Every structure is written in C-alpha cells, then in structure tokens.
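> I would like the atomic coordinates for the input below:
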Amino acid sequence: MIENQYIDIFTQYRDKIDAKSLSGMDSLRDKALNIFKEQGFPTKKMEDYLYLDVAAEFLPDFALNINRLPFTGNPYVAFRCEIPNLTTNLYFVLNDIFHEEHKPKVNYPSGVFVGSFKHFAEEKPEVFSKYYGQIAEMDKNGIVAFNTMFAQDGFVIYVPKGVVVEEPIQLINILKSEFNSLVNRRILIIAEDDAQVKLLICDHTVDESQFLATQVTEIFAGRNALVDYYDLEENSDKVTRLTNTFVHQLEASNVLINNMTFNTGVSRNNYNVKLSGQHAEAYVCGMVIADKHQYVDNFAFLDHLVPHCTSTQLFKYVLQDEATGAFCGRIRVEKDAQKTLAYQSNNNLCISPNAHMYSKPQLEIYADDVKCSHGLTTGQLDEEALFYLRSRGLSKESARLMLMQAFAAGVLEHVRIDRLKERLLDLVEKRFKGESARCGNCAVCK
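Prediction:
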C-alpha cells in the first residue's frame, strides 16, 4: 500500500518535520497519523470518490522539502501577476513556503495580520491555537490527515472584530522545482464579528516537473462578517491538486467561495460549509473549462444547522476533447433548521463526443418548513441557437464562442469585485478560443 510508504517517511523524518515547523502545528500530528493509518487515502469504493483513484496520484516518486530550503530570488519581479485596474496586496507561497523576504509593507488597520503561520503564532499564539485545525475534519478524509501530518507552515489572514480590509489580498501559489515534488499547503482565514476581507488565490506552475499539491483551507466567519474567497487554477497538465476547504459561519455572516479552473491535470476540490448562526448566507460557485485528458472533480457539502439561513451552489463545466468532469453537491437541512432557503444547480456542456461528465446533486431535508431546490443539465450546444446566430451573419466559431460565454456568465455574476469579474470574462474568452488563460503582465504565463 502506498500509504505505508508515506507513513514510513513521516516516522523517519518526524523530528525534522517538527523542528522546521511550530508547536501549534506539531501538536496535531500524532492524531493525524493515527487517523491516516486507519483510513488511508479515499478509494473509489467510497460514494464521494467514485471517479478518482486518489492513491494512484501519490504513486510517483515525489520530493518533499522537509528541510524547508528557501526559494532564491524575488518572486515579485519574476512572477508578477496583475489584474488591470485592480489594486491588491500581493503575497507569494513558493511550493509550500511562504515568501517572507520581499512581502509588501502594508498599513493595514490596527490588529490585522497577513503572513505566515510562524509569525502569526509568535504574535498571537492564543488565537492561532484557538483556530488552527479546529474545523478541518481529519477523521472524515485521509487527505486532510495526510496534509496535517506533513504541512510545516501556512498562510494566514486575521481580521479582528469590526475591521474592514478594503483592498483585496492576493496570494500567488507558485509550483517550481527541477524535481517531481509533493507540496502541502495550509490557509487560515479568521474574520471576527463585523469584519470584512477578500482573498484572491492564483495557482501557477513554472517548471515541467510533475507536482502533487494538497491544500487545506479553514475559514471562520464571525457574526455579521463578510469573506470572499476566489480561487483560480492555472496550473500545468502535470499537476494534481487536492484541496479541502472548511467554512464555519456564525449569525448573519456572508461567505462567497468562487473557484475557476482554467487549466490543470487532475483537480479535486472539496467544500464543506457549516451554517451555524441564524441568517447566515453561503455561496459556493465553480466554473470549469477542461480539455485534453484533464480531470476536474468538485464536491460541495453545505450543512444548515440552524433556522433562517440561505445557501447557493452553482457549478458549470465546459468539457472538450477527452476531458472528464465530476460534481457531487449535497445540501443537508437539519431537523431544527426551519425557514431554510437552499438552491443547487449544476449545468454542463460536453462540446466533444469523447468528453464525460458525472453529476450527483443531493438534498437531505429533515425540517418541514423550507424552500430547497436542485437542478441538473448536461448536453451540447443548442443547435437551434447556433443556427439562429449563424443566420445573423456570425461564423460557426463566433457563434459557438458567444453561446459558451453566455453559459459561463452565471458563475461570474457571483464575483463581487468588478475589476476581477472583467478580467475573468477575458480569461474565459481566451480559454474558449483554445488559448492559455494568461494573467496580465505575468512572467509565469509568458
């Protein structure tokens, strides 16, 4: 079993892993190890992993940077990633190391922290221990346990009570190595009561090496807090990305998660949202554009625990060539969660006959005074609409492009940063034309 290989690596290098990390992370490793020994990686025998052999993705001989060898150079010069007319506070994670040396000097409101786990734990140890690893459910997913075993640092945003961070924060994840590499990332977002923050993540790959990236994100939204979490995948075809995002929402909080997959090899994104305070609102959206032999799998579980909450799931896929897509959306309304409003929609276009889409929308409702719905469509471009557009003088390709853009628009409408929405529309158009989705002035994409 491949799991035994990684258990042996962890046991052999445990002292170095701990020494190059921080005590707040080290304290969870024993629990994670025991869970991983018991569960291992998810298998295709599990209902939620019917189409992905996770263990097979870990079979190649990957390098682990346990000694935390730093990246040399200034990524702000080499890997600039700009969105026209949008000002962001820019940070970098290189493989799974936060780049501390050249980070921006930003005059955030009092109490705000943006940076590495290490420095946050030094400044606010009680806050870090209160939140780290608390909602990431290791016992339900062996990948989360694996990440908790090996992760040695992470990226954290902390916004104290009543503080609004006006400018979006941008995090660029760079995969760069001359060796096939395994990286383990952690992200922690804490928005206390009445706080607001927006994070944009861009994933890029520089080298032609093979990469496997696990990522665990924990988002805490206090009472009346607002959190936007945008995640753009622009990796190479040699990347496998396995992410788990956990969200805990209190009363009247508002959380938006929007994932855009423009390019990848294998991608599995899990979203687990608990609406734990009345009048909380959650939006979990995704747009996938895949071709060649790419595989993209999204799983979203939104759990309504209390009354008067609202949630929306919206995922759209456009699959070409021999690409494969999978979506499993689950909404659960607990017994006491009356007056719930929950909507789920999955719409898919299979442009070529060899593209495959697997979809499974699910509702579990244990309350009787709710409004819940789910919808699913999978098909090809509307031939009548194509004929109509061509009869108005458009070429076949122009007509196809227009219909695909209209199809994608619904997900982009949930983007709450206007300049980012404009940029994403441009990237979608380029991707539909068969071009690479390139960021403005980005040396990574040249």
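> Please count neighbours and contacts with C-alpha atoms only from this point.
Will do.
> burial of residue 353, as a residue count?
By other Cα atoms under 10 Å, 11 other residues sit near residue 353.
> quick one: the residue nearest to it when sequence neighbours are not counted and residue 295, what's the gap?
Nearest non-adjacent residue to residue 353, counting by Cα to Cα, 6 or more residues apart in numbering: residue 321, 7.7 Å away. To residue 295, residue 321 is 11 Å away according to Cα to Cα, to the nearest Å.
> neighbouring contacts of the host helix or strand of residue 18?
Element membership of residue 18 [criterion: DSSP states H and E] is helix 14-19. For helix 14-19, contacts defined as Cα atoms under 8 Å, 6 or more residues apart in numbering pick out 26, 66, 67, 150, 152.
> Out of the residues you listed, which end up buried?
Buried members of those, scored by 16 or more other Cα atoms under 10 Å, are 26, 66, 150, 152.
> distance of the second one from residue 184?
In other words, residue 66. As for residue 66, its distance to residue 184 is 10 Å (criterion: Cα to Cα).
> now do the last one
As defined by Cα to Cα, residue 152 lies at a distance of 8 Å from residue 184.
> what does residue 17 give?
12 Å.
> Specify which residue of these two has the higher count of neighbours.
Just comparing residue 17 and residue 184: by other Cα under 10 Å the higher neighbour count belongs to residue 184, 25 against 22.
> Tell me what that one is bridged to.
On the basis of DSSP bridges, residue 184 is bridged to residue 214.
> can you pull out the strands in the stretch 101-250 of the chain?
With strands called from DSSP state E, counting those that start in this stretch, the stretch 101-250 of the chain shows them at 113-116, 155-159, 169-175, 181-191, 196-205, 211-221, 226-234, 239-249.
> what comes up buried for the lengthiest helix in the chain?
Across the chain, the helix with the greatest residue count (assigned by DSSP state H) is helix 396-412. By 16+ other Cα under 10 Å, the buried positions in helix 396-412 come out as 399, 400, 401, 402, 403, 404, 405, 407, 408, 411, 412.
> Let me have those residues in a markdown table, extended by distance to residue 171 and pLDDT.
As requested, the buried residues of helix 396-412 are exported to a markdown table (distance: Cα to Cα, whole Å; pLDDT from 0 to 100):
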| residue | distance to residue 171 | pLDDT |
| --- | --- | --- |
| 399 | 36 | 76 |
| 400 | 34 | 72 |
| 401 | 31 | 74 |
| 402 | 31 | 73 |
| 403 | 32 | 76 |
| 404 | 29 | 77 |
| 405 | 27 | 77 |
| 407 | 28 | 79 |
| 408 | 24 | 79 |
| 411 | 21 | 86 |
| 412 | 20 | 87 |
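> What is the nearest of the residues you listed to residue 311?
Closest approach to residue 311 among the buried residues of helix 396-412 (Cα to Cα): residue 411, at 14.6 Å.
> Pretty sure the closest one sits against residue 284.
No - using Cα atoms under 8 Å, residue 411 is not in contact with residue 284; the gap is 9.7 Å.
> intersection of neighbour lists for these two?
residue 314.
> Which pair of the contacts of helix 14-19 spans the longest distance?
26 and 67 (15.1 Å).
> I'd assumed residue 189 was in contact with residue 160.
No - using Cα under 8 Å, residue 160 is not in contact with residue 189; the gap is 11.1 Å.
> who's more crowded, these two?
Using other Cα under 10 Å as the criterion, residue 160 and residue 189 rank with residue 189 on top: 24 against 20.
> surely that one meets residue 220?
Yes - using Cα under 8 Å, residue 189 is in contact with residue 220, at 6.2 Å.
> re the thing from before, now distance to residue 109 too, for the buried residues of helix 396-412, in CSV please.
Output for the buried residues of helix 396-412, formatted as CSV (distance: Cα to Cα, whole Å):
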residue, distance to residue 109
399, 49
400, 47
401, 44
402, 44
403, 44
404, 42
405, 39
407, 40
408, 36
411, 32
412, 30
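> Any idea how many residues pack against residue 56?
By the criterion of other Cα under 10 Å, residue 56 has 11 neighbours.
> contacting residues for it?
Neighbour list for residue 56: empty [criterion: Cα under 8 Å, 6+ apart].
> Show me the helices in this structure, by range?
Going by DSSP H, the chain shows helices at 2-12, 14-19, 23-26, 29-39, 54-57, 75-78, 117-123, 125-131, 142-150, 383-391, 396-412, 418-432.
> Mind listing what's buried along the second one?
Of the residues in helix 14-19, those scored as buried under the neighbour-count criterion (16+ other Cα under 10 Å) are 14, 17, 18.
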